[in-house]
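**Student:** Sequence plus the predicted model coming up.
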Amino acid sequence: MMLYFQCMSIWDLFRKKKEPVQEQQKQQKVLLSDGKEASANLVKWLEQLQPYALPCIRITATRSDELFFFDSKFGGLPYWPANKPYPVDGYGKYMYLLAQLNFSQIPPLEGFPSKGILQFYLADDDVHGLDFDSPATQTNFRVVYFEDTTATQLDNFDFLQQQQQESALPVERQMGLQFATGTDYFSYSDVRFPEEEAIMEEGHTAEYWQALEKEVTELYPDNGHKMGGYAYFTQYDPRDEGKADYKDYILLLQIDSQLPHICWGDVGVGNFFIHPDDLKRKDFSKVLYNWDCT
């Protein structure tokens, strides 16, 4: 033990001389292949996180009144053939479009459709259509997929009353969407991400890891709007509640609060999950829906 402390004393002398150089190295940024800049420490850690990396599509939502029925959007009016029954909730009331994804406008994402329109509908109620006991039962929410989008006669939506259109839905006004390919490396919120201890090396302080976690979540956030990747929650992951049926579900769509136009409860987040096999078959009948807030 005495030898240990003597060695540490000698090391301290060298460390004091090297501190300015180390500090300078910390401040230097490394350009990553995706154009982002990261510290040298984070670059090293990203190599360790590579086995956990997941592709995603990040979504930017902007208020727009100039969108067509076929366009990708949050809110607004959907593509809907006039001869097809429109979605209603458990009380027979019309539901409203939360999101529409036109895959012809979206970069390719492995496992996801390459064409068609995917839609998400919610009932206009005080829990935004969520069934806490059966979150995959599509009674007060609905996920609809049109692989064929060649219908020429579309509904004019006269049956949607103005009063209901202006009710308290998560998306206040129609928003146009832009898409960009990305990668998720990190999320303690998602059950698919390993335990904290599994991705930390010994010999570093808590402050060191806190700095890395802050940097990686700034560059590759788990929150925000996205398809694929890791999910973000303000409370907990519903797939980790002893429901074995949902353990293998992946993130289909995440819509985060974006004030003042999008708000889930007390500034929460909404998520939709699907089993990869169902996604491959384009079967959206068993989607898991959840939203939470602080």
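**Tutor:** Yep, it's here.

**Student:** for the closest residue to residue 178 other than its chain neighbours, what are its contacts?
**Tutor:** The spatially closest residue to residue 178, leaving aside those adjacent along the chain, is residue 60, at 4.5 Å (CB to CB, 6 or more residues apart in numbering). (Each C-beta comes from the backbone N, C-alpha and C, glycine too.) When contacts are counted by CB atoms under 8 Å, 6 or more residues apart in numbering, residue 60 touches 177-180, 225.

**Student:** can you pull out the helices in the stretch 151-294 of the chain?
**Tutor:** Along the stretch 151-294 of the chain, counting by DSSP state H, counting those that start in this stretch, helices occupy 162-165, 206-219, 276-281.

**Student:** which other helices and strands contact the longest one?
**Tutor:** It stands for helix 206-219. In terms of contacts (3 or more CB pairs under 8 Å, 6 or more residues apart in numbering; DSSP states H and E), helix 206-219 is packed against strand 37-39, helix 40-49.

**Student:** What's the first helix or strand after the longest one?
**Tutor:** Under the assignment DSSP states H and E, the closest C-terminal helix or strand after helix 40-49 is strand 54-63.

**Student:** Pull out the buried positions in that next one.
**Tutor:** 54-59, 61 (16 or more other CB atoms under 10 Å).

**Student:** repeat for stretch 73-85
**Tutor:** 73-80.

**Student:** picking that back up, right, so of the helices of the stretch 151-294 of the chain, which gets closest to residue 116?
**Tutor:** Nearest to residue 116 among the helices of the stretch 151-294 of the chain is helix 276-281; the distance by CB to CB comes to 12.4 Å.

**Student:** got the buried residues for that closest one?
**Tutor:** For helix 276-281, by 16+ other CB under 10 Å, it's 278-279.

**Student:** Run through who's touching that helix.
**Tutor:** 111-112, 248, 250, 252, 284-287.
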